[in-house]
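**Q** this one's structure only:
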């Protein structure tokens, strides 16, 4: 056995042992049951009761007993509690009926959340067709295999550690009340209170994770993580080895995505900036312009730089050569499948059909998509004299990505403006990467998801109109900016601090996703070559990597 093989095997063994050494203590700590913890409800029998009932304004049916006698509102809360207790004692049958209503409310939201999650899962088919259609025919099978494997391996990484890292402490600051609150997810592995950095409960969906509400949340959130996993396919395809790609997916699903997700959606420190620094309602990203799309896009950017451009992409003078898409029908079909899946992505992020803002979110999502497509199509036409269908499709995706963060907080007119701007950004971003930065991104994923994801989060800080999100991230539950019921508010509606918060938060996302990925995989690439051989790349990766061409009739015809 030669030295290079032995060295490679020793390197892989070292990485494996290191991973296990880090993982085992965390899993044992996160999975251990503690006496003071709420008990999980795997059968879903106890989840949802009178405490799960809220009116349209978010006011609870049950008046909680106040515990702070020195609080200014103690007398009012004590009176409300006493009146509720007296009424409950007088009408015990009404209390039992309330328990049933609360259970049905949570069950309805379970069904909504799971079904919208299934729509997001179907986006995998859209990404597969889109990315496959945009690359050269000789790599079509390679693209399909990457998309398939992304789902499988990133899912396993998220199940093992990613979900716990992201949502292991969500009950502390951001309990999903529409799903019963998931009270067992109540422990930060790193940090505490408003300064949580890493969740610590729910590893391998065991212990605290073996709960009906937790599993509903996990099924919805894992397909969001998978979306970030598909994004990187479009930027690193046609030259990455299959083994290196799997390592990228495990890294994204287990570490990169869930840690930033904890900071924003898991009750972590960025979501608490409203309380800790007085910055609006803290960092807000309703459905993932940054948490999903910018993380995936900027991770893809770092990987594309580490891998370098495809062979022959640039001539001796550095001028880019076009590599035309091999199947435009795939591209268009994939785009419309993604639009369909986005109807789960954005409205589903309410985690409840009982939140009637879902109608506004659905309309905003479609308007931004159409505005983005129109804007990109016209921008390309004005710049190059002809409309480009693939760029129009990317424009639709750009509008969808940009509206994903602000979709619940803005009105329809703002959604159109956001989509129009995103359509221009995606065109300029593609040209910037290809012609100036010399980053080879075969499908435009960095521009669509990275640049437009960053813009979407900032757009929330500009266009949020205050009609939704009262009490978001624990800020302004009764009044905000002097107005009762005022929700998340942007620059144009009087809250400059939210704009500052969004600008800092979106840029933090870039620094995290790009910086960590670049450092990690620069080291990996120095130890284990991530790129295929030049011979395999020129031949096409279908046969060298997987032993099976996507279009075998071409090979048969060539030998006849």
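**A** That came through, no problem. None of these values were measured; they are calculated from a predicted model.

**Q** rest of the way, CA atoms for contacts and neighbours
**A** Fine.

**Q** which ones are touching residue 440?
**A** Contact analysis of residue 440 by C-alpha atoms under 8 Å, 6 or more residues apart in numbering lists 235, 304-305, 308-310, 313, 433-434.

**Q** Residue 319 now?
**A** Neighbours of residue 319 in contact, by C-alpha under 8 Å, 6+ apart: residue 435.

**Q** need the contact list for the residue nearest the centre of the chain.
**A** For the chain, the residue sitting closest to the mean C-alpha position, by C-alpha atoms, centre = their mean, is residue 292 at 2.5 Å. Residue 292 makes contact with 224-225, 227-228, 257, according to C-alpha under 8 Å, 6+ apart.

**Q** Tabulate the contacts of residue 440 in JSON lines, adding columns for secondary structure and pLDDT.
**A** Putting the contacts of residue 440 into JSON lines (DSSP: H, G, I helix; E, B strand; the rest coil; pLDDT from 0 to 100) gives the following:
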{"residue": "235", "secondary structure": "helix", "pLDDT": "97"}
{"residue": "304", "secondary structure": "helix", "pLDDT": "98"}
{"residue": "305", "secondary structure": "helix", "pLDDT": "98"}
{"residue": "308", "secondary structure": "coil", "pLDDT": "97"}
{"residue": "309", "secondary structure": "coil", "pLDDT": "98"}
{"residue": "310", "secondary structure": "coil", "pLDDT": "97"}
{"residue": "313", "secondary structure": "coil", "pLDDT": "97"}
{"residue": "433", "secondary structure": "helix", "pLDDT": "98"}
{"residue": "434", "secondary structure": "helix", "pLDDT": "97"}
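
**Q** May I ask which of those residues has the most neighbours?
**A** residue 235 (28 neighbours; other C-alpha atoms under 10 Å).

**Q** Distance-wise, check that one relative to residue 434.
**A** Per C-alpha to C-alpha, to the nearest Å, residue 235 is found 12 Å from residue 434.

**Q** joint contacts of the two?
**A** With C-alpha under 8 Å, 6+ apart, residue 235 and residue 434 have common neighbours 440-441.

**Q** gap between the biggest helix by length in the chain and the chain center?
**A** Ordering each helix of the chain by length in residues (DSSP state H) puts helix 92-134 first. The gap between where helix 92-134 is centred and where its chain is centred comes out at 16 Å by C-alpha atoms, centre = their mean, to the nearest Å.

**Q** which other helices and strands contact it?
**A** helix 140-157, helix 212-236, helix 328-345 (3 or more C-alpha pairs under 8 Å, 6 or more residues apart in numbering; DSSP states H and E).

**Q** Would you mind finding the most buried of those?
**A** Of all these, helix 212-236 carries the top mean neighbour count, a mean of 25, counting by mean count of other C-alpha atoms under 10 Å.

**Q** the inter-axis angle of that helix versus helix 92-134?
**A** With axes from the mean of the first three to the mean of the last three C-alpha atoms, to 10 degrees as the basis, helix 212-236 and helix 92-134 are set at 10 degrees to each other.

**Q** Can you spell out which helices and strands pack onto helix 212-236?
**A** helix 92-134, helix 140-157, helix 257-264, helix 295-307, helix 445.

**Q** For residue 278, which non-adjacent residue is closest in space?
**A** residue 497 (7.6 Å; C-alpha to C-alpha, 6 or more residues apart in numbering).

**Q** and the one you found, what is it in contact with?
**A** 278-280, 491.

**Q** Who wins on neighbours among those?
**A** residue 280 (30 neighbours).

**Q** burial count for the closest residue to it other than its chain neighbours?
**A** Leaving out its chain neighbours, the residue that sits closest to residue 280 by C-alpha to C-alpha, 6+ apart is residue 498, at 4.3 Å. Other residues near residue 498 come to 28 when the count uses other C-alpha under 10 Å.

**Q** Now do the buried residues in the strand or helix carrying residue 498.
**A** Applying DSSP states H and E as the criterion places residue 498 in helix 496-527. Buried residues in helix 496-527, counted by 16 or more other C-alpha atoms under 10 Å: 496-503, 505-510, 512-514, 517-518, 521-522.

**Q** same deal with stretch 455-471?
**A** For stretch 455-471, by 16+ other C-alpha under 10 Å, it's 455-466, 468-471.

**Q** Can you say which two of those are spatially most distant?
**A** 455 and 471 (24.3 Å; C-alpha to C-alpha).

**Q** Wasn't residue 163 part of a helix?
**A** Yes. Looking at residue 163 with DSSP: H, G, I helix; E, B strand; the rest coil, it is inside a helix.

**Q** Distance check, it against residue 193.
**A** 19 Å.

**Q** Pick out whichever of those two has more residues nearby.
**A** residue 163 (36 against 15).

**Q** Check the gap between that one and residue 252 for me.
**A** Distance from residue 163 to residue 252, by C-alpha to C-alpha: 12 Å.

**Q** who touches both of those two?
**A** In contact with both residue 163 and residue 252: residue 258, using C-alpha under 8 Å, 6+ apart.

**Q** List the contacts of the nearest residue to residue 116 once chain neighbours are set aside.
**A** In space, residue 116 comes closest to residue 344 once its chain neighbours are excluded; the distance is 4.1 Å by C-alpha to C-alpha, 6+ apart. When contacts are counted by C-alpha under 8 Å, 6+ apart, residue 344 touches 115-120.

**Q** Pull the residues that contact stretch 237-254.
**A** 135, 139, 142-143, 146, 149-150, 153-155, 157-158, 160-163, 225-226, 229, 258, 307, 310, 442, 529-532, 537, 540-541, 545.

**Q** now swap in stretch 503-521 and tell me
**A** Residues outside stretch 503-521 that contact it (C-alpha under 8 Å, 6+ apart): 256, 260, 270, 283, 290-291, 294-296, 298-299, 301-303, 306, 454, 457-458, 461.

**Q** where do the helices sit along the stretch 401-550 of the chain?
**A** 412-431, 445, 452-463, 496-527, 534-539, 542-546 (DSSP state H, counting those that start in this stretch).

**Q** Could you look up the SS state of residue 391?
**A** Quick answer, by three-state DSSP: residue 391 is helix.

**Q** so it makes contact with residue 378?
**A** No. Using C-alpha atoms under 8 Å, residue 391 is not in contact with residue 378, being 10.0 Å away.

**Q** Show me which of the helices and strands packed on helix 212-236 has the highest average neighbour count.
**A** helix 445 (a mean of 31).

**Q** Could you list every helix and strand in contact with that helix?
**A** helix 212-236.

**Q** Run through the residues that contact residue 537.
**A** 238-239, 311.

**Q** Could you identify which of these has the most neighbours?
**A** residue 238 (27 neighbours).

**Q** Got phi/psi on that one?
**A** Note on residue 238: backbone dihedrals following degrees, to the nearest 10 are phi 70, psi 10.

**Q** likewise residue 191?
**A** Here residue 191 shows phi and psi, under degrees, to the nearest 10, equal to phi 90, psi 180.

**Q** so who does it touch?
**A** Applying C-alpha under 8 Å, 6+ apart, the residues contacting residue 191 are 197-198.

**Q** at 7 Å what do you get?
**A** residue 197 (C-alpha atoms under 7 Å, 6 or more residues apart in numbering).

**Q** Mind listing the residues bridging to it?
**A** residue 196 (DSSP bridges).

**Q** which residues does residue 172 contact?
**A** Neighbours of residue 172 in contact, by C-alpha under 7 Å, 6+ apart: 186, 267.

**Q** Which element, helix or strand, includes it?
**A** Going by DSSP H and E, residue 172 is in helix 170-173.

**Q** what's the average pLDDT for that helix?
**A** The pLDDT scores in helix 170-173 average 98.
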